[in-house]
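Visitor: dropping a prediction and its sequence here:
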Amino acid sequence: MKKRNSSVNKTIHNFYLSKLKNPKIKKLYSRFKRIISKDTDKNYCVAISGGPDSMALAFLTKCMSMERGTSNVYFHIDHKLRKESKKEALFIKKILKKFDVNLNILKWVKNNNLNNIQEQARLKRYELLIKKCRNHKLNKILTAHHKDDLYENFFIRLLRGSGLNGLISFKKKYSKLKINEKILIFRPLLNFSKNELIYISENTFGNYIKDPSNLDNKYLRVYVRNILNNFKFNKKNKNFDKSLSNLHKSNKALEHYIKKNIDLNVIKNKEKVIVSKNFFSEPDEVVFRSLNIVLNSFSYKAKLSRGSKIMNLIKNFKNSKDTYKTTLSGCVFKKVSNTMIISREI
């Protein structure tokens, strides 16, 4: 049995080595290594949807773990949103098993009464993965979001009226599902194009899932993707990358003043938050994002109110008398001598 296992391990090892002899794949893997090597962790929770992007991520992380002698944990979420989802999950699991990648399948049973099912599925996907991270004592979830996703996300948020932070949020390599969440979402492929990841996937594992919803124009992401493709957007990427970089720098400057506003004008303990009147003297965007951070860190609600409701709260607070009182995101807001007192609802 030991001889057989040794033979299998050698075959698997030789498979990955042979694929890395491809000059293009070798170059892309080297780029991936440079990105990952800057991170402090060695083991990860890897999210696999089964599309070409995540199959490329599975190949790259497997190569990395073999080189480092480390171990990753791979998960696929079966959302049960399409009748083919179970069959697809087992198909991907079978493919990856041939190449010594053990894929764990997690299931989510949807609530038929939920609105915006795609957003709910996204949140539930991360909640399930975060739970598994804690079980395996892992700090980061690796996702296969790439440069094309970055561009699409910018225009989707632009159409939805997002502010500066929303427009450039996807450019951040690390993010959190909630402000007080310790598990990070890590996007190591943001400098890779969709075509590069398809090339890796087709020339390594050779198979992946083609989700038919990616062709359905009723979804905003698909609608935006088709516009960008028709616009031949990829030929204009350099200037757009420069614009995104400039927006990112502007946002960093704004974050400096947001932090300063919170540090100088907010006192917090376990029971309440006291926000001084000087807090509201800053520019509107600084006030809005400062209060959003305060609320995120104090509320027990898993999902907080939309930005429009927070903006209305700020407006009403500024224009009201000392008797003003309201509730939002599981918190009570009171105005006392131009100071805001925030406590949790009982």
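Guide: Looks like it came in fine. Residues are numbered from 1 along each chain as shown.
Visitor: excluding its own residues, what touches whatever helix or strand Ala89 lives in? List them.
Guide: Following DSSP states H and E, one finds Ala89 within helix 85-98. For helix 85-98, the external contacting residues (Cβ atoms under 8 Å, 6 or more residues apart in numbering) are 48, 50, 55, 58, 74, 76, 78-80, 102-103, 105, 205-209. For the C-beta atoms, the positions are set from N, CA and C on the backbone; glycine is no exception.
Visitor: which of those residues are buried?
Guide: In terms of neighbour count (16 or more other Cβ atoms under 10 Å), the buried residues within these are 48, 50, 55, 58, 74, 76, 78-79, 103, 105, 205, 207-209.
Visitor: between those, which sits nearest Phe288?
Guide: His79 (33.0 Å; Cβ to Cβ).
Visitor: quick check: closest non-adjacent residue to His79.
Guide: Leaving aside its chain neighbours, His79 sits nearest to Ala121 (4.8 Å; criterion: Cβ to Cβ, 6 or more residues apart in numbering).
Visitor: before we move on, the earlier item: out of the buried ones among the contacts of helix 85-98, flag the one nearest to Val294.
Guide: His79 (33.4 Å).
Visitor: what's the closest non-adjacent residue to His318?
Guide: Actually, residue 318 is Lys. It isn't His. Phe280 (6.1 Å).
Visitor: got a list of what the one you found touches?
Guide: Val287, Ile314, Phe317, Lys318, Met340.
Visitor: just the CA atoms of the strand or helix carrying Lys62, as PDB, please.
Guide: Lys62 is part of helix 52-68 when elements are defined by DSSP H and E. Taking Å, rounded to 0.1, in the frame of the first residue of the first chain, the C-alpha atoms of helix 52-68 are listed here in PDB:
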ATOM      1  CA  PRO A  52     -12.600  28.800 -14.800                       C
ATOM      2  CA  ASP A  53     -11.400  31.500 -12.400                       C
ATOM      3  CA  SER A  54     -11.700  29.400  -9.200                       C
ATOM      4  CA  MET A  55     -10.300  26.300 -11.000                       C
ATOM      5  CA  ALA A  56      -7.200  28.300 -11.900                       C
ATOM      6  CA  LEU A  57      -7.000  29.400  -8.200                       C
ATOM      7  CA  ALA A  58      -7.200  25.700  -7.200                       C
ATOM      8  CA  PHE A  59      -4.300  24.900  -9.400                       C
ATOM      9  CA  LEU A  60      -2.200  27.900  -8.300                       C
ATOM     10  CA  THR A  61      -2.800  27.300  -4.600                       C
ATOM     11  CA  LYS A  62      -2.100  23.600  -4.900                       C
ATOM     12  CA  CYS A  63       1.200  24.300  -6.600                       C
ATOM     13  CA  MET A  64       2.000  26.800  -3.800                       C
ATOM     14  CA  SER A  65       1.100  24.300  -1.000                       C
ATOM     15  CA  MET A  66       3.300  21.600  -2.600                       C
ATOM     16  CA  GLU A  67       6.200  24.000  -2.900                       C
ATOM     17  CA  ARG A  68       5.800  25.300   0.700                       C
END
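Visitor: which SSE is immediately downstream of that helix?
Guide: That would be, after helix 52-68 and using DSSP H and E, strand 73-78.
Visitor: helices and strands around that following strand, which ones?
Guide: Secondary-structure packing of strand 73-78 (3 or more Cβ pairs under 8 Å, 6 or more residues apart in numbering; DSSP states H and E): strand 45-47, helix 85-98, strand 103-107, helix 117-135.
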